[in-house]
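*Asks:* Attaching a predicted model along with its sequence, questions to come.
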Amino acid sequence: MPELPEVETTRRGIATVMPGKVLRALLVHEPRMRWPIPEHLAQTVTNQVVQRCERRGKYLLIGFNAGTMIVHLGMSGSLRRAPINEIRRKHDHVEWIFDDARFLLHDPRRFGAVLWHDHRNGPVQTHPLLASLGVEPFDPGFTPLTLRQAFKDKKQAIKTALLAGDIVVGVGNIYASEALFRARINPKTAAGRLSLTRCTRLHAAILSTLSDALHSGGSTLRDYVNATGTPGSYFDIHAAVYNRAGQPCRVCQTPIKKIVQGQRATYYCPKCQAR
DNA sequence: CTTTAACCCTGGAGGC
DNA sequence: TGCCTCCAGGGTTAAA
């Protein structure tokens, strides 16, 4: 469910509530996530004050004085505020309980994670899961040259290289296809063959795609929180190519193609993205 | 070192 | 209805 825009929207949601508050309880109803939720996590954080709510890539970082909770939403996760007395539903695996607020981690597929990084082991950024992540797309350090340098000598297809997250984070499967369409670059092009000109186009396309999606992501998340029925979905977003196989390109009417790269679906216009 | 593929898991959609 | 297969927005890990 979450790509970077929804994770960032989630972060903003918890950041307006959690910091400065005492976490009264952490209820772990299902510890079997991507990795087991540490057994002693609840007692470690109970009655500790949340200092900050940050994000690195698609990881949410809930900071305490003693350490940082690392939360990932995986493919199907959401972290939403819920009324204190609302009945917990199926797949609501973890609860954060404050005096006047409550948050539920809901994750049917359990690809998500809740981990703990003790600050005695150094800054959270040195955690193995975070240490080799690429630059944040909205960081000023992310430039066309970042891409050109990182792609240099790579034989990997550009789509796969983008998705790997070790060059720039936050470009998920939907937005990898969307950004390449905006940049008019064929997803199969070897990363190392991209000129600086095309890296500049791709850089701008990544920023505009993510920034557009951030607004949509925010609205789908609000729908999700308020939903009594089905949550908002990224499939509702006006995608140029994603999930549009066989349908006419919005620019040239050529049917959109679907291929598989690295076991993930890629969509592109064979005419607009000829190479 | 780079690149590829298997795998973790549930549920929804569509075919029969 | 039911049963089956396929597919899904992520990312780590082992193997080639």
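*Replies:* Everything's here; your move. Residues are numbered from 1 along each chain as shown, chains lettered A, B, ... in the order given.
*Asks:* mind listing the helices for the stretch 51-200 of chain A?
*Replies:* Ranges of helices within the stretch 51-200 of chain A are A:128-131, A:144-151, A:158-163, A:173-183, A:196-226, based on DSSP state H, counting those that start in this stretch.
*Asks:* lowest-confidence stretch among those helices?
*Replies:* Mean pLDDT per stretch puts helix A:196-226 lowest among the helices of the stretch 51-200 of chain A, at a mean of 80.
*Asks:* Paired strands for the helix or strand following that helix, with orientation please.
*Replies:* Moving toward the C-terminus from helix A:196-226, the next helix or strand (DSSP states H and E) is strand A:257-261. Sheet pairing of strand A:257-261 (DSSP bridges) gives strand A:264-268 (antiparallel).
*Asks:* ok, and does the partner strand reach over to DNA strand B?
*Replies:* No - if you take CB under 7 Å from any atom of the strand as the test, strand A:264-268 misses DNA strand B, and the best it gets is 8.8 Å. All C-beta spots, glycine's among them, are computed from the backbone N, C-alpha and C.
*Asks:* pLDDT of that strand, averaged?
*Replies:* Here the average pLDDT along strand A:264-268 is 97.
*Asks:* next one: stretch A:91-109
*Replies:* 98.
*Asks:* if we look at that stretch, which residues are touching it?
*Replies:* For stretch A:91-109, contacts defined as CB atoms under 8 Å, 6 or more residues apart in numbering pick out A:14, A:17-18, A:21-30, A:33, A:37, A:71, A:73-84, A:86, A:88-89, A:110, A:112, A:114.
*Asks:* circling back: of the helices of the stretch 51-200 of chain A, which is nearest DNA strand C?
*Replies:* helix A:173-183 (3.2 Å; CB to the nearest atom of the strand).
*Asks:* what angle do that closest one and strand A:257-261 make?
*Replies:* Helix A:173-183 and strand A:257-261 meet at an angle of 120 degrees, taking axes from the mean of the first three to the mean of the last three CA atoms, to 10 degrees as the criterion.
*Asks:* Flag every residue of chain A that's near DNA strand B.
*Replies:* Close to DNA strand B, as judged by CB under 7 Å from any atom of the strand, chain A has residues A:32, A:34, A:76, A:90-91, A:108-111, A:154-157, A:160-161, A:262-263.
*Asks:* what's the nearest residue to the closest residue to DNA strand B within the stretch 151-275 of chain A if we skip its chain neighbours?
*Replies:* Proximity of the stretch 151-275 of chain A to DNA strand B (CB to the nearest atom of the strand) peaks at A:Lys155, 3.7 Å away. Nearest residue to A:Lys155 in three dimensions, chain neighbours excluded: A:Ala190, at 5.3 Å (CB to CB, 6 or more residues apart in numbering).
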